[in-house]
Structure formats: structure tokens, C-alpha cells
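Visitor: this one's sequence-less:
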């Protein structure tokens, strides 16, 4: 597992011109234009000021120049907002969205109706017409999730909705295991593709507080994820398999740190540790060369987007997001709702943070391979953790002075998903990107997160 305090970076574009995603009109023509004072999506999410440590790691692991890394982060943030608008406009016909290219310059949005193609292109994306809606694929995956409780699946250990192939992919070490699993669940096989694999994911905890630092549970070591607060209690989010509720922890310096307040594993792989008065939560994770990387929020990145992580064993590494909502069958049981990435990790990295730009994404659950030859990892998304445990992600966001004074249903600290509607100042808004509301992210001024309706 990977643990560390993370500064997530989510970027969006500020420049038009050569960037494919810049300058296209939104699909919902009725939406009022943003006032001149409204910050760009990149400005809202902090993507216009990525940390040097993040850029260095992206250059190393993704083969990018510094300029390409900066451009990619901006494109990915902008793409997230565009995808949210299109998802809200398409409704049940929506079949997923992802970015491609060295600098994520192309956003693709899938639909089950060819009649949507023109609107998708007008919204700044490439259109792909597919057979199955996202809801259909997610319902099929849910059947596999339910079936994993009754059926042994360690020989078919990973399954997920693959947006790019418009299918549910089941990775299996044995074809017979995949057949038994699919038969037992009764899932519609026209929705599923079976993919051969030799990988056997396992939790990355090793026997034996800033995000990415080591912490210890008895003789075991994990990595701090993201600093959080619960009222006046400070602590950090981490992986559930690292410790059970009540288990005491020591920090990287072997000094008493706190104890697990809540933990879930398997089913989910989430937990949080409440720290004692000697520890202070910060809005940082440990970057390359011990540099601090600041966390600005938790807007969820798209499939195909760049993502980096930190851990107490292998430090900084980057890759891309392959799929969201992936299920993994460990020996200890199935964990649902994970995100699959190409980032490598090794034992001891468990619980550590994943960030995309400046935006927190999740904490390391498990994986396969290593950081010498490469591997696949899975992380527990952070927003569900914040919501389930009533936690607030630690950032340096400040109240601009009028936050909350306009009245309405929008509230700082609440986790919102794409399509959620709120009111603020007598106006209704619809969410474009899943995130936890920060003090400076009021709907009228956060165009990358909210759409006026």
C-alpha cells in the first residue's frame, strides 16, 4: 500500500491556440457566459501552477518535456469540465469519456445515439457511437461485484468497465475461472470481454504523517495518504488493509502518532487515522527529493489522464488512469470501486496518495509488478472516503469573504458528483466534475466544476 500526504494537481487550460480542447462552445447553449472576473478552470483547480516535483516526475515517467507536462495538465482539467457538460446533456445515452495523446489534447465522448455526434463535437470533443450505455455496463459490473461474494475469483482477479472498448473487462489467469465466475453471476456475456493475465494483485503492505511518509502499525509499514480533519480532530486517509479500527500507529520517526478511527477491508479499502496532539495536518504530500507538493482539492480526473503517486518505499512515480470503478479480488476478498492505473508500486507504498495535477485522487490499495520492470496499481478513490467518514480534505483554500453568505444548498466540505444540482444566490447549478467543495470553489466562480442551469 502507499501512504503519504498528497498535493493533488488538476490542471486545465488557460491558453487557446494550438491546444485541441481550447475554444469550443459548450453544448448547453442556454448557459449564461461566465463573468469577466471568473477564473479559468486551471485557475480554479490550481492547474496553472503545478509543483516542480510533479512536473519532474511526469517528465521522467511519461517521457514528456516540461512544456508538454504543463500543457497536459491544463488540457486534462479543461477536458474534465467539458466531459461533465456533455454527460449532463446526454443523460442516459452517455457511455463514457476519456482523453488521449501525449498532452491529452483529444477528448472523446461516447454515446449510443449517432444523432448526438454534432452536439458532442460542438462541445469540444470527438464523438464515438457505441452499443452500450455506461449505465448498462455499470449494471453488468455490479452483478460481478455481487457474485464475487459467493464465488472464488482469485483466478479471475480484476474486472472493470472499459470505456474505450465499451465493455466490462474481466482479467483472468485461467479461462475456466472466468467461465465459472460469469456463469455463477448470470451476467449478459455480450457485455463482457475476457482478457488473459498472469498478474495476481495483492495488497502492498510490508511486514515489519505529510502524505507519502511511512507510518507503522506494529511490525507492518504503510504510507500516509492525504491529511484530513474531522471537526477539530486531525489525521490522514489511508488504506483499510493497513490496519483495523483501534489499531495504534507510529509515525515515520517511530514516535506515537494516533490510531485508526475507522477501517473497511475488503469490500472497500479505506481507513483514516486520528492523530494525537503532537501531529499537525498539512496540505502537502512528499514529492521528488523531499519537496512538498500542495493539495488543492479532489476533482476526479478522466480515464487517460496523467496521475502520480508517492510512497514510503518507492517515492514518486507517474502513469495514466486506465479505468475507474474497477473490482479486484484479493485473497482476503473483493474490493469494489477502485481506480486502475499504470503507475508502479511496491510493498510498503500502501495507503500513499495519488494526485492528478493538484487534485487528490485516492490512496494505494494494491497491484502487481514493481518499479523496476513496471506494473499495475489500484487506488481507493478519495471522495468516497471523505463522504463515508465525514472527513474534510486538508488544503490551503481560504474563504474569499462571501462564501456561504448568498444562501442556497451548496456547502463547503460536501462531496458532489457529476449531475448533482445545488442552488447558490438564488441560481441553480449542475456539477461537472466529482469533488469535495472547497471554500474558494463557489459555483458562480468555479466554471470548471459547476454549470449554471
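Guide: Yes, it's here. Here the structure is a predicted model, which is why all the values come from computation and not from measurement. Residues are numbered from 1 along each chain as shown.

Visitor: Pretty sure residue 120 sits in a strand.
Guide: No - read with DSSP: H, G, I helix; E, B strand; the rest coil, residue 120 is helix and lies in no strand.

Visitor: While we're on it, how confident is the model there?
Guide: pLDDT, residue 120: 98.

Visitor: The residue lying closest to it once chain neighbours are set aside: what's it in contact with?
Guide: In space, and not counting its chain neighbours, residue 120 is closest to residue 127: 3.9 Å by CB to CB, 6 or more residues apart in numbering. Any C-beta I mention is one placed from the backbone N, CA and C, and that applies to glycine too. Residue 127 makes contact with 108-111, 116-117, 120-121, according to CB atoms under 8 Å, 6 or more residues apart in numbering.

Visitor: Strands - which of the residues you listed land there?
Guide: In this view, those that belong to strands under DSSP state E are 108-111.

Visitor: Among those, which pair sits farthest apart?
Guide: 108 and 111 (10.5 Å; CB to CB).

Visitor: what sits in contact with each of the two?
Guide: 127-128.

Visitor: Can you classify the residue lying closest to residue 289 once chain neighbours are set aside as helix, strand or coil?
Guide: Of all residues not flanking residue 289 in the chain, residue 53 sits nearest, at 7.0 Å (CB to CB, 6+ apart). The three-state assignment at residue 53 reads helix, by three-state DSSP.

Visitor: all helices in the stretch 251-400 of the chain, in order from the N-terminus.
Guide: For the stretch 251-400 of the chain, the helices defined by DSSP state H, counting those that start in this stretch cover 382-389.

Visitor: can you check the stretch 51-200 of the chain too?
Guide: 52-62, 66-90, 117-122, 134-147, 175-185.

Visitor: contacting residues for the nearest residue to residue 69 once chain neighbours are set aside?
Guide: With CB to CB, 6+ apart as the criterion, residue 69 has its nearest non-adjacent residue at 4.2 Å, and that residue is residue 58. Residue 58 makes contact with 64, 69, 72, 306, 308, 318, according to CB under 8 Å, 6+ apart.

Visitor: Quick check: the first one vs residue 125, distance?
Guide: It stands for residue 64. 23 Å (CB to CB, to the nearest Å).

Visitor: Pick out whichever of these two has more residues nearby.
Guide: Counted by other CB atoms under 10 Å, residue 64 and residue 125 do not tie: residue 125 has more neighbours, with 26 against 19.

Visitor: residues contacting the more buried one?
Guide: With contact set as CB under 8 Å, 6+ apart, residue 125 has these partners: 79, 82-83, 86, 97, 107-109.

Visitor: Adding distance to residue 295 and neighbour count, write these out as JSON lines.
Guide: Output for the contacts of residue 125, formatted as JSON lines (distance: CB to CB, whole Å; neighbours: other CB atoms under 10 Å):
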{"residue": "79", "distance to residue 295": "21", "neighbour count": "32"}
{"residue": "82", "distance to residue 295": "24", "neighbour count": "26"}
{"residue": "83", "distance to residue 295": "22", "neighbour count": "26"}
{"residue": "86", "distance to residue 295": "28", "neighbour count": "27"}
{"residue": "97", "distance to residue 295": "24", "neighbour count": "26"}
{"residue": "107", "distance to residue 295": "25", "neighbour count": "28"}
{"residue": "108", "distance to residue 295": "29", "neighbour count": "21"}
{"residue": "109", "distance to residue 295": "28", "neighbour count": "30"}
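
Visitor: nearest to residue 184, of those residues?
Guide: Among those, and counting by CB to CB, the member closest to residue 184 is residue 97, at 32.0 Å.

Visitor: Please name the nearest non-neighbouring residue to that closest one.
Guide: residue 83 (3.8 Å).

Visitor: so that neighbour makes contact with residue 94?
Guide: No - between residue 83 and residue 94 there is no contact under CB atoms under 8 Å: 9.3 Å.

Visitor: any low-confidence regions in this structure?
Guide: The chain contains residues with pLDDT under 70 at 1-38, 205-208, 400-405.

Visitor: tell me the centre residue of it?
Guide: Note on the chain: the residue nearest the mean C-alpha position is residue 361, at 3.3 Å, using CA atoms, centre = their mean.

Visitor: if I look at that residue, how far off is residue 320?
Guide: 12 Å.

Visitor: any residues in contact with both of the two?
Guide: Shared contacts of residue 361 and residue 320 (CB under 8 Å, 6+ apart): residue 307.

Visitor: so how far is residue 353 from the closest residue to residue 237 other than its chain neighbours?
Guide: Among residues not flanking residue 237 along the chain, residue 225 sits closest, at 4.4 Å (CB to CB, 6+ apart). Here residue 225 is placed at a distance of 5 Å from residue 353 (CB to CB).

Visitor: again with residue 144
Guide: Distance from residue 144 to residue 353, by CB to CB: 28 Å.

Visitor: what does residue 444 give?
Guide: Shown here: residue 444 relative to residue 353, a distance of 30 Å by CB to CB.
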